[in-house]
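Chemist: Prediction below, plus the sequence it came from.
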Amino acid sequence: MSMLDRADGQTFIGNVRLVHAVGMHARPAVKLTKLAKKFEAQILVRVAGAAEWINAKSVAKIMAMRAAHGSTIEIKASGSDAEAAVAALVDLIATDFPDGAS
């Protein structure tokens, strides 16, 4: 189940369940950051309920987030292509980081 909401004029928020069997380890973290870097928007992520938002363009920070299998990932983006960025990252996570994705 994923969701995309407009929080305000230029900020979009999405929620998606992490279905990857071993959680957010190196390979999915690299895929997520590579995709995030394709967008101009500022993109932040966190495990649902966490106090701190993390820069989605930092592999080290994404891995340090230690998101476990089954956890809900929240994605927040602001900027000109924020809606597309959130939609793309939600899709990447929801489809379990397919090998064709970059």
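Modeler: Great, that's in hand.
Chemist: Quick check: what element follows the lowest-mean-pLDDT helix or strand in the chain along the chain?
Modeler: When each helix and strand of the chain is scored by mean pLDDT, DSSP states H and E, strand 2-6 comes last, with a mean of 52. Next helix or strand after strand 2-6 toward the C-terminus (DSSP states H and E): strand 11-17.
Chemist: Does anything pack onto that following strand? Which helices or strands?
Modeler: Where contact means 3 or more Cβ pairs under 8 Å, 6 or more residues apart in numbering; DSSP states H and E, strand 11-17 is packed against strand 2-6, strand 72-78, helix 82-94. (Glycine included, C-beta is placed from N, CA and C.)
Chemist: Export these as a markdown table, with columns for mean neighbour count and distance to Ile54.
Modeler: Putting the helices and strands packed on strand 11-17 into a markdown table (neighbours: other Cβ atoms under 10 Å; distance: least, Cβ to Cβ, whole Å) gives the following:
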| stretch | mean neighbour count | distance to Ile54 |
| --- | --- | --- |
| strand 2-6 | 13 | 19 |
| strand 72-78 | 22 | 10 |
| helix 82-94 | 21 | 13 |
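Chemist: Worst mean pLDDT among the ones you listed?
Modeler: For these, the weakest mean pLDDT is recorded on strand 2-6, namely a mean of 52.
Chemist: sorry, back to before: can I get the helices and strands packed on strand 11-17 in CSV including distance to Gly49?
Modeler: Output for the helices and strands packed on strand 11-17, formatted as CSV (distance: least, Cβ to Cβ, whole Å):
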stretch, distance to Gly49
strand 2-6, 16
strand 72-78, 8
helix 82-94, 17
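Chemist: what's the closest of these to Pro28?
Modeler: Closest to Pro28 of those is helix 82-94 (Cβ to Cβ; 7.8 Å).
Chemist: okay but Gly70 is in contact with Leu18, surely?
Modeler: Yes: the pair Gly70 / Leu18 is scored as a contact, 6.6 Å apart, by Cβ atoms under 8 Å.
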